[in-house]
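A.B. asks: Output the structure for:
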Amino acid sequence: MQKLVIITALLLSQICAADSPNILSLQQQAKVVDRLLEDKIKTVLPQLMRDNEIDMWIVMAREYNEDPVIRTLLPATWHAARRRTVLVMFDPGEGAEIEALAVARYDVGAVFKKAWDKEQQPDQWARLAEVIAERKPKKIALNLSQHYGQADGLTHTEYQSFVASIPKKYQKRIVSAETLAVNWLEIRTPAEMAIYPQVVNIAHHIIAEGLSEQAIQPGVTSTEDLVWWFRERIKALKLDTWFHPSVSIQRADAEQFEHLRTFDSRPAENIIQPGDLVHVDFGITYLRMNTDTQQHAYVLRAGETEAPEYLKQALVNGNRLQDIFTNNFKVGRTGNEVLAMSRQQAIDEGIKPSIYTHPIGYYGHAAGTTLGMWDSQGGVPHTGDHPLHANTAYAIELNAATYIKEWDKEIRIMLEEDAFFDGETVRYINGRQKHFHLIPRQDQTHVLGD
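C.D. replies: Okay, the predicted model is just below:
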């Protein structure tokens, strides 16, 4: 019997390896990252600066104390800013390309051209002041933000040094780059969206592996074992993750759902058993794009070939909540408006909703429109007031509660899938879960749908 288990695991490993999506070499990845950055600077940034009426945007950081925005502007081979890196983006006006300068000792990638010769001007701050005076900007936008951490990357010391280095007339032209920075972070380009489905596909593939007998032996494997299986799998594929995965179980016992248990209060050695509904929260980082996915598996009992109908119906309720929610996306609506509309519609349909969706892209919990938080179902101040824009991506994260008579308790179907809003409709970047993963696998319909 033990020999058969080993042979089966080896066969599954070979099958999964054969079906694995292609992951580029590090050299190829770097080329893609740099190409996407250059394209976005040329095709997206000019309009963003004009929409925000900003003609100069300065992003600066010292080595290993990076502004969250500067991380998205550095070339792939730069793992951090070097010494003090100062990037200046200047818009000469309609019809002209953005001038991208580096007040640094060298070019910053192919995009930002060196604009400082230390031998001629030893003082970096003085050279930056010259660059500003030469271009006479009407506004100088700096990454200062009360509400968005990712748009608030300018340190106090750098701010003080910058202000002290420029004439008073330019000090008066300093404005917050908050909205511009958020727009830069949230907007996805056509070039990015040609690649994003492949990134999410890799994440879906790893989840399908983990939620199978490839990683789970009922009665032996614990939730913590599975968490570390995911971490090891990510490393084996030479990928990164932006958060530690979580695995939780709902089953026919007296335990009630608590949202915090899916994060930091779950039992470490909870053994996965037949009849369990297993939930995973998992994400990867690849080509500077992030994924965030929550899916479920059902562990078959002896004699079962599919999940019980009452659990299938709970998943249907979760999918319906997704539809209600994404159908309410409309350019210009705020996250709080969409949240309120969706919750009310779901409640009217007899669904008990909880919605906590966030933008995704360069960061997992990214800047942009917040659409609820699990502990703020009445709306989120400031970030929830940010309007929806076209060409933005979101982790559609929510749960629907369903009372299971057979278990004598309420369970939550916790779903999260990456999606793209083109300004008209929301589409899932690589499908969404519409069927449970079954353990062990059966001749089942593919778990992903539209």
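
A.B. asks: Setting the sequence-adjacent residues aside, check what's closest to Ile347.
C.D. replies: Counting by CB to CB, 6 or more residues apart in numbering, the nearest residue to Ile347 once its immediate chain neighbours are dropped is Pro353, at 6.8 Å. Any C-beta I mention is one placed from the backbone N, CA and C, and that applies to glycine too.

A.B. asks: Also Trp242?
C.D. replies: Gly364 (4.4 Å).

A.B. asks: Can you say which helix or strand has that neighbour in it?
C.D. replies: Taking DSSP states H and E as the definition, Gly364 sits outside all helices and strands.

A.B. asks: thinking it is in contact with Ile284, fair?
C.D. replies: No: contact criterion CB atoms under 8 Å: Gly364 and Ile284 do not qualify, at 9.6 Å.

A.B. asks: still on that earlier bit, quick one: the residue nearest to Trp242 from Leu321, how far?
C.D. replies: When distance is defined by CB to CB, to the nearest Å, Gly364 is 22 Å away from Leu321.

A.B. asks: quick one: stretch 105-115 to chain centroid distance?
C.D. replies: Stretch 105-115 has its C-alpha centroid displaced from the chain centroid by 28 Å (CA atoms, centre = their mean, to the nearest Å).

A.B. asks: quick one, which of Gly364 and Ile284 is more surrounded?
C.D. replies: Ile284 (25 against 18; other CB atoms under 10 Å).

A.B. asks: For that one, give me its contacts.
C.D. replies: Val199, Ile202, Ala203, Ile206, Ile234, Leu239, Asp240, Thr241, Trp242, Asn290, Thr291 (CB atoms under 8 Å, 6 or more residues apart in numbering).

A.B. asks: Asn201 too?
C.D. replies: Contact analysis of Asn201 by CB under 8 Å, 6+ apart lists Pro21, Asn430.

A.B. asks: Verify the assumption that it is located in a helix.
C.D. replies: Yes: assessed with DSSP: H, G, I helix; E, B strand; the rest coil, Asn201 lies in a helix.

A.B. asks: Who are the contact partners of Arg301?
C.D. replies: Pro274, Gly275.

A.B. asks: Stretch 386-403: which residues count as buried?
C.D. replies: Under the neighbour-count criterion of 16 or more other CB atoms under 10 Å, stretch 386-403 has 386, 388-389, 391-402 buried.

A.B. asks: farthest-separated two in those?
C.D. replies: Maximum pairwise distance among the buried residues of stretch 386-403 (CB to CB): 34.5 Å, between Asn391 and Thr402.

A.B. asks: domains in the protein, as residue ranges please.
C.D. replies: Following automatic domain parsing, the chain resolves into domains at 45-185, 189-449.

A.B. asks: Ok, which of these comes nearest Leu36?
C.D. replies: Among the domains of the chain, the nearest to Leu36 by CB to CB is domain 189-449 (5.6 Å).

A.B. asks: Give me the residues contacting stretch 431-442.
C.D. replies: So stretch 431-442 is in contact with 204, 207-208, 211-213, 216, 218, 277-278, 295-300, 305-307, 311-312, 315, 319, 322, 396, 415, 417, 444-450, going by CB under 8 Å, 6+ apart.

A.B. asks: what separates it from the chain centre, distance-wise?
C.D. replies: Taking mean C-alpha positions (CA atoms, centre = their mean), stretch 431-442 and its chain are 23 Å apart.

A.B. asks: in that stretch, what counts as buried?
C.D. replies: Buried, per 16+ other CB under 10 Å, within stretch 431-442: Gly431, Arg432, Gln433, Lys434, His435, Phe436, His437, Leu438, Ile439.

A.B. asks: cool, and stretch 204-217?
C.D. replies: Per 16+ other CB under 10 Å, stretch 204-217 contains these buried residues: 204-216.

A.B. asks: Mind putting those into JSON lines with pLDDT?
C.D. replies: Output for the buried residues of stretch 204-217, formatted as JSON lines (pLDDT from 0 to 100):
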{"residue": "His204", "pLDDT": "98"}
{"residue": "His205", "pLDDT": "97"}
{"residue": "Ile206", "pLDDT": "98"}
{"residue": "Ile207", "pLDDT": "98"}
{"residue": "Ala208", "pLDDT": "97"}
{"residue": "Glu209", "pLDDT": "97"}
{"residue": "Gly210", "pLDDT": "97"}
{"residue": "Leu211", "pLDDT": "98"}
{"residue": "Ser212", "pLDDT": "96"}
{"residue": "Glu213", "pLDDT": "95"}
{"residue": "Gln214", "pLDDT": "94"}
{"residue": "Ala215", "pLDDT": "97"}
{"residue": "Ile216", "pLDDT": "97"}
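
A.B. asks: Just the ones in helices from the residues you listed, please.
C.D. replies: Within the buried residues of stretch 204-217, residues falling in helices by DSSP state H are His204, His205, Ile206, Ile207, Ala208, Glu209, Gly210.

A.B. asks: for the domains of the chain, which one sits closest to Val32?
C.D. replies: domain 189-449 (5.5 Å).

A.B. asks: Leu128 contacts Leu87, doesn't it?
C.D. replies: No: if you go by CB under 8 Å, Leu128 and Leu87 don't touch, sitting 10.7 Å apart.

A.B. asks: Give me the common contacts of the two.
C.D. replies: Ile58, Val103.

A.B. asks: which residues of the stretch 251-400 of the chain score low on pLDDT?
C.D. replies: Applying pLDDT under 70 to the stretch 251-400 of the chain picks out residues 257-269.
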